[in-house]
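**Q** Only the shape, not the letters, is given here:
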């Protein structure tokens, strides 16, 4: 389910401002360890424009990422190593089709050099290096806010960059990618970066009592962080959830601190479970996070907990700008544009495959939805091309077109495609949304659930939704009412945000957990601060059901 997405959308509809933290640099490092980044579409602003929040999406603990850092030391200088999973870019470089740039800027002993640009109908890619001089082993560098800017000052959207340390040459290899491409064959633009920064990993003891169900507060006083609040939740018999919120005295530190909780059992690092989220904005601008651990890992032994964060060590301030004359002419011969207008599923018109663009580096397929409130229903997507299966990634919608879903597929190095090449679009694992924030499509999601005798004691009610047994647990802690939902049946996707009452007088439950459609986790928690009373009528905005075996196939060509 899209709990975080629609929680943000609803808060925007309630005229509350939502601060969006910058996750570009975090994604830069995470990208190194994943060949297929996860993308989640988020609502932004009253125009319901969707923002690329792939950098926020489900992320492993930063401790896991940093534990992998020594691997970089064994990487030889090689663009192909950095471009693993990007066969189309590798193929273009092998054919010498990249545009040579050879521009550099040096400031405070740090040199940023642009080497090659690859521009086609689907994306713009620039390969660069960062020479930081004598680098300390504890340092991790990033290039901050790298964007393309046109002659009229407009900035590219959907951009990201990452760095890969080359031990042999003692230099960082860099990769920049943007969804932006020139509308004409050639264009003059600027590549601008705000600054270049170095960080080190820091630890702070956290005397956390996981057996307490109360919210625990601890002072921090480091890297612009004032304090942290942590509340443990039991998630069935297998998992424990740590929900945390950090107050920053220096809001700008949110851009680099990336605080997270790490645990040690008998001195050995405990790996957190996938599904955690970091940096989602709280109601008062807090930096919130949700982390999951195996219950058996933290139930016995000598356990200690620490707050891990990044400390800024160096800051080479910009902006640094490069004037570029980019061209996509040399890519035209390998580009095929096809209008499709094909239904995603036989007999339904809710979603339509609109067009396909095959470029030398990538295949892009766009899907149009009739209802922007109902997103693309499948969670796995691929193209079958001449016997090869290309796994897809979901990207942000074009600005001003939230009804479009953009799917991108990397081209393998050895894959030739013509207008006669057989191409089949395959989507699997369907998630069906029942109900809506705006429209009631059925009755069972709008019939309230009455909870009575509310007290400090946990009480449960079993409700049937689409034939699935859903367990509601409610209880008071201090002055706050907690409402937990979930089902033992994995095909029940989960309940979205809840509310008490209807109309303008309704009270919104504040989501404690952050869930995503098709993530396999149907357990959710809402809290009602300073709740008064002993009974309440609870409504949900919508719920989802999962069908992992559901598959649709669409023949695109010939």
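**A** All right, it came through fine. Here the structure is a predicted model, which is why all the values come from computation and not from measurement.
**Q** The residue located most distally from the centre of the chain in helix, strand or coil?
**A** Distance from the C-alpha centroid of the chain peaks at residue 453, with 39.5 Å (CA atoms, centre = their mean). Three-state call for residue 453 (DSSP: H, G, I helix; E, B strand; the rest coil): coil.
**Q** Could you pull out the strands in the stretch 301-450 of the chain for me?
**A** 303-327, 336-343, 351-358, 362-369, 378-385, 388-395, 404-410, 423-435, 449-451 (DSSP state E, counting those that start in this stretch).
**Q** Adding mean neighbour count as columns, could you present these in CSV?
**A** Bear in mind the C-beta positions are built from the backbone N, C-alpha and C, glycine included. Below are those laid out as CSV (neighbours: other CB atoms under 10 Å):
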stretch, mean neighbour count
strand 303-327, 17
strand 336-343, 13
strand 351-358, 20
strand 362-369, 22
strand 378-385, 19
strand 388-395, 17
strand 404-410, 22
strand 423-435, 19
strand 449-451, 16
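**Q** looking at these, which is closest to residue 263?
**A** Ranking these by distance to residue 263, with CB to CB as the measure, places strand 303-327 first at 5.2 Å.
**Q** Who are the packing partners of the closest one?
**A** Secondary-structure packing of strand 303-327 (3 or more CB pairs under 8 Å, 6 or more residues apart in numbering; DSSP states H and E): helix 62-67, strand 99-107, strand 110-119, strand 186-205, strand 216-222, strand 260-265.
**Q** I'd like the ones you listed laid out as CSV, including mean pLDDT, distance to residue 246 and mean neighbour count.
**A** Shown next, in CSV, are these (pLDDT from 0 to 100; distance: least, CB to CB, whole Å; neighbours: other CB atoms under 10 Å):
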stretch, mean pLDDT, distance to residue 246, mean neighbour count
helix 62-67, 34, 14, 18
strand 99-107, 94, 32, 13
strand 110-119, 95, 30, 21
strand 186-205, 93, 12, 18
strand 216-222, 95, 7, 14
strand 260-265, 94, 10, 20
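**Q** Out of these, the one nearest residue 520 is which?
**A** helix 62-67 (19.0 Å).
**Q** Measure how far the next helix-or-strand element following the closest one is from the centre of its chain, please.
**A** Later in the chain than helix 62-67, the nearest helix or strand by DSSP states H and E is helix 79-82. Once both centres are worked out by CA atoms, centre = their mean, to the nearest Å, helix 79-82 turns out to sit 24 Å from its chain's centre.
**Q** on that earlier part again, can you tell me which of the helices and strands packed on strand 303-327 is nearest to residue 538?
**A** Going by CB to CB, the one of the helices and strands packed on strand 303-327 nearest residue 538 is strand 216-222, 27.4 Å.
**Q** give me phi/psi at the residue lying closest to residue 170 once chain neighbours are set aside?
**A** Excluding the flanking residues, the one nearest residue 170 by CB to CB, 6 or more residues apart in numbering is residue 135, at 7.0 Å. Per-residue torsions, residue 135: phi -100, psi 130 (degrees, to the nearest 10).
**Q** Kindly report the same for residue 503.
**A** The phi/psi pair for residue 503 (degrees, to the nearest 10) is phi 70, psi -160.
**Q** what bits of the stretch 301-450 of the chain have low per-residue confidence?
**A** With pLDDT under 70 as the threshold, the stretch 301-450 of the chain has low-confidence stretches at 437-446.
**Q** go with 50
**A** Residues of the stretch 301-450 of the chain that meet the criterion pLDDT under 50 lie in 439-445.
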